[in-house]
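In: Sequence first, predicted model second:
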Amino acid sequence: NAGVTQTPKFQVLKTGQSMTLQCAQDMNHNSMYWYRQDPGMGLRLIYYSASEGTTDKGEVPNGYNVSRLNKREFSLRLESAAPSQTSVYFCASLTGWRTEAFFGQGTRLTVV
Amino acid sequence: SQQGEEDPQALSIQEGENATMNCSYKTSINNLQWYRQNSGRGLVHLILIRSNEREKHSGRLRVTLDTSKKSSSLLITASRAADTASYFCATFRAGGTSYGKLTFGQGTILTVHP
């Protein structure tokens, strides 16, 4: 039982490049989330998917797109990376309002 | 702006002392959760309190929730050096257009000196 798996773990991009961060969970959870965490900061919600087939903007969605590919997978895409998107990205999932979220180990992204 | 605001931003104590962290939020919630993060690692869930609960215990952790004041506190009793970490509150909404939204506060950095 792997829990929440994020790939890649590290990535360096040049300004203007695009990339997709992958997230998969094997716990049959309904809801999935993407956060970014900057040094000394809390987690800021980028996008979330409360259930398969739905996606909603969080606090900082600009510059990102998401796809809930199926119940297991939720990807985050940067179409044209900017240095301001340098951050650690976390994916999380949970199954309902009575339960806690489980987190991946994070993707450390640097945009130069 | 973030849903949760935590106070203090940093807390430094000696082993054996109690640590109290506070969280305030802005909108109605269905539950409030506390998480711990060790440096450079992912978040680990500590405790969840539902909106109809006022207090909850788990080992050395005690959480209170006051929905009228939109605030919560996390108490760690008899702290240990291994409790050194960042602690975050998170609020979950299960109603209206924000169904399923889970948002975090900025966190409290706890340092426990041996």
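Out: Arrived safely, thanks for sending. Being a predicted model, the structure only gives us computed values, none of them experimental.
In: can stretch A:64-75 be found next to chain B?
Out: No: applying C-beta under 8 Å from any C-beta of the partner chain, one finds stretch A:64-75 separated from chain B by no less than 11.9 Å. C-beta here means a position set from N, CA and C on the backbone, and glycine is covered the same way.
In: where along the chain do the strands fall?
Out: You didn't say which chain, so I picked chain A. A:4-7, A:10-13, A:19-25, A:31-37, A:43-49, A:56-57, A:64-68, A:74-78, A:87-94, A:102-103, A:107-111 (DSSP state E).
In: that's the wrong chain, I wanted chain B
Out: Counting by DSSP E, the strands of chain B are B:5-7, B:10-14, B:19-24, B:31-37, B:43-50, B:55-58, B:61-66, B:71-76, B:85-93, B:101-104, B:108-113.
In: got the angle for the fourth one vs strand B:71-76?
Out: Going back to what we said before, that points to strand B:31-37. Counting by axes from the mean of the first three to the mean of the last three C-alpha atoms, to 10 degrees, strand B:31-37 lies at 40 degrees to strand B:71-76.
In: In contact with the residue of chain B found nearest chain A, which residues?
Out: In chain B, the residue that lies nearest chain A is B:Gly100 (2.9 Å; C-beta to the nearest C-beta). Applying C-beta atoms under 8 Å, 6 or more residues apart in numbering or on different chains, we find B:Gly100 in contact with A:Asn30, A:Ser31, A:Tyr48, A:Ser49, A:Ala50, A:Ser51, A:Asp56, A:Trp97, B:Phe92, B:Arg93, B:Ala94.
In: could the residues you listed be laid out in a markdown table, adding pLDDT and neighbour count?
Out: Shown next, in a markdown table, are these (pLDDT from 0 to 100; neighbours: other C-beta atoms under 10 Å in any protein chain shown):
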| residue | pLDDT | neighbour count |
| --- | --- | --- |
| A:Asn30 | 93 | 16 |
| A:Ser31 | 94 | 26 |
| A:Tyr48 | 96 | 26 |
| A:Ser49 | 95 | 21 |
| A:Ala50 | 91 | 21 |
| A:Ser51 | 90 | 14 |
| A:Asp56 | 95 | 16 |
| A:Trp97 | 72 | 19 |
| B:Phe92 | 92 | 27 |
| B:Arg93 | 88 | 21 |
| B:Ala94 | 79 | 17 |
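In: of all the residues you listed, which comes closest to A:Ser84?
Out: Checking the contacts of B:Gly100 against A:Ser84 with C-beta to C-beta, the nearest one is A:Tyr48 at 21.0 Å.
In: Give me every residue in chain B lying close to chain A.
Out: B:1-2, B:4, B:6, B:30-31, B:33, B:35, B:41-45, B:48, B:50, B:88, B:90, B:92, B:94, B:98-107.
In: are any of those residues buried, and which?
Out: For the residues of chain B next to chain A, a burial check counting by 16 or more other C-beta atoms under 10 Å in any protein chain shown picks out B:2, B:4, B:6, B:30-31, B:33, B:35, B:42-43, B:45, B:48, B:88, B:90, B:92, B:94, B:98-107.
In: ok so, going back, could you identify which of the strands of chain A is most buried?
Out: strand A:31-37 (a mean of 26; mean count of other C-beta atoms under 10 Å in any protein chain shown).
In: Next one: that one, is it in contact with chain B?
Out: Yes: residues of strand A:31-37 are located near chain B by C-beta under 8 Å from any C-beta, namely A:Ser31, A:Tyr33, A:Tyr35.
In: Out of the strands of chain B, flag the one nearest A:Gln6.
Out: With C-beta to C-beta as the criterion, A:Gln6 lies closest to strand B:43-50 of those, at 12.8 Å.
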